[in-house]
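Novice: this one's sequence-less:
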């Protein structure tokens with residue numbers, strides 16, 4: 001895993017760009033370093049079962065013109081690293097899984113017509129106590 005992963009986090013917020021990803025109306029942050037010890041085994045998951053920020057955007061806004069990075073992370077991401085998803089976590093698309101880490105890799109695989117790939121899967125019940133509530137004004 002890269003240094004970028006350990007410094008990373010997943011926001012559970014209401015965003016003008018990505019929509020409402022809050023849980024029970026509250027905003028949270030999940031730090032990647034808090035879940036690293038849970039990443040022990042992967043399983044193959046269909047991409048159609050995963051909710052991810054930006055999935056409703058036109059393709060170019062998830063790839064070369066990515067809304068969050070202008071395409072830089074999309075171009076540099078390595079799809080050989082499994083993403084991290086949370087099973088049964090609330091999400092605005094009512095999908096079985098919610099993306100925690102790997103939206104650029106997923107977007108790149110979709111552009112390559114890859115429909116299934118390995119993911120670290122963590123149950124929401126395990127992640128929920130690790131969420132830190134945000135206090136934004």
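Specialist: That came through fine. Source: prediction; values computed, not measured. Numbers count the residues shown, from 1 in each chain.
Novice: residue contacts, the closest residue to residue 41 other than its chain neighbours?
Specialist: In space, and not counting its chain neighbours, residue 41 is closest to residue 120: 7.5 Å by Cβ to Cβ, 6 or more residues apart in numbering. C-beta coordinates here come from the backbone N, C-alpha and C atoms, glycine included. Shown in contact with residue 120 (Cβ atoms under 8 Å, 6 or more residues apart in numbering): 38-42, 82-85.
Novice: What of residue 126?
Specialist: With contact set as Cβ under 8 Å, 6+ apart, residue 126 has these partners: residue 38.
Novice: buried ones in the strand ranked longest in the chain?
Specialist: With secondary structure taken from DSSP state E, the chain has its longest strand at strand 116-123. Across strand 116-123, burial judged by 16 or more other Cβ atoms under 10 Å covers 117, 119-122.
Novice: Now flag whichever of those residues is closest to residue 25.
Specialist: Residue 25 lies nearest to residue 122 out of these, by Cβ to Cβ, at 22.7 Å.
Novice: Can you give me the distance of the closest one to residue 41?
Specialist: 11 Å (Cβ to Cβ, to the nearest Å).
Novice: thinking again about what came up before, which PyMOL command selects the buried ones in the contacts of residue 120?
Specialist: To isolate the buried ones among these in PyMOL, judged by 16+ other Cβ under 10 Å, type:
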select buried, resi 39+82+83+84+85
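Novice: ok, the contacts of residue 120 vs residue 67, which is closest?
Specialist: In terms of Cβ to Cβ, no member of these lies closer to residue 67 than residue 83, at 18.3 Å.
Novice: show me what contacts the residue lying closest to the closest one once chain neighbours are set aside?
Specialist: Spatial nearest neighbour of residue 83, excluding adjacent residues (Cβ to Cβ, 6+ apart): residue 102 at 2.5 Å. Applying Cβ under 8 Å, 6+ apart, one finds that residue 102 lies in contact with 81-85, 119.
Novice: Work out for me the element residue 110 sits within.
Specialist: Using DSSP states H and E, residue 110 sits in helix 103-111.
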